[in-house]
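*Asks:* fold the following for me, if possible:
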Amino acid sequence: MSGSDASSFKEKLVNKTVIVKVSLFTRAFSGTITAADDTGFCLVSNDLNAALGEVTAGAMANMDEPCVYLPFSQLEWLISSQPKAAAASA
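*Replies:* Predicted structure coming up:
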């Protein structure tokens with residue numbers, strides 16, 4: 001992917017619900033991407049937050065609505081969807 005294509009792809013992910021698989025866990029998590037930059041993205045995911053709460057021995061328990069920053073280097077795969085009309089014309 002060229003630099004402009006990669007930037008465009010990252011911008012299109014913001015505010016989308018996705019399913020991600022990161023190297024730290026054996027299962028995938030769904031959530032919403034709230035921001036993205038050149039090295040990663042912020043994901044709001046109740047399931048991922050619960051799993052991270054277990055890993056961190058409850059250190060996240062007092063955080064209000066945690067948002068997890070995931071570096072692209074830790075991403076194994078990501079699933080997103082596009083509107084059906086866009087998919088039909090592709």
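*Asks:* going forward, measure contacts between C-alpha atoms and count neighbours the same way
*Replies:* Noted.
*Asks:* let me see the ranges of the strands in the chain.
*Replies:* In the chain, the strands defined using DSSP state E lie at 17-22, 29-36, 40-44, 68-71, 75-80.
*Asks:* and the last one, what does it pack onto?
*Replies:* When contacts are defined as 3 or more C-alpha pairs under 8 Å, 6 or more residues apart in numbering; DSSP states H and E, strand 75-80 packs onto strand 17-22.
*Asks:* report the distance from the strand it packs on to the chain centre.
*Replies:* 5 Å (C-alpha atoms, centre = their mean, to the nearest Å).
*Asks:* same check on stretch 8-25?
*Replies:* Chain-centre distance of stretch 8-25: 3 Å, with C-alpha atoms, centre = their mean.
*Asks:* pull the residues that contact that stretch.
*Replies:* 27-37, 74-81 (C-alpha atoms under 8 Å, 6 or more residues apart in numbering).
*Asks:* ok, Glu76 to Ser45 distance?
*Replies:* 17 Å (C-alpha to C-alpha, to the nearest Å).
*Asks:* check Met63 too.
*Replies:* Taking C-alpha to C-alpha, one finds Met63 at 14 Å from Ser45.
*Asks:* what do you get for Leu78?
*Replies:* Distance, Leu78 to Ser45, by C-alpha to C-alpha: 14 Å.
*Asks:* likewise for Gly53?
*Replies:* Going from Gly53 to Ser45 by C-alpha to C-alpha gives 12 Å.
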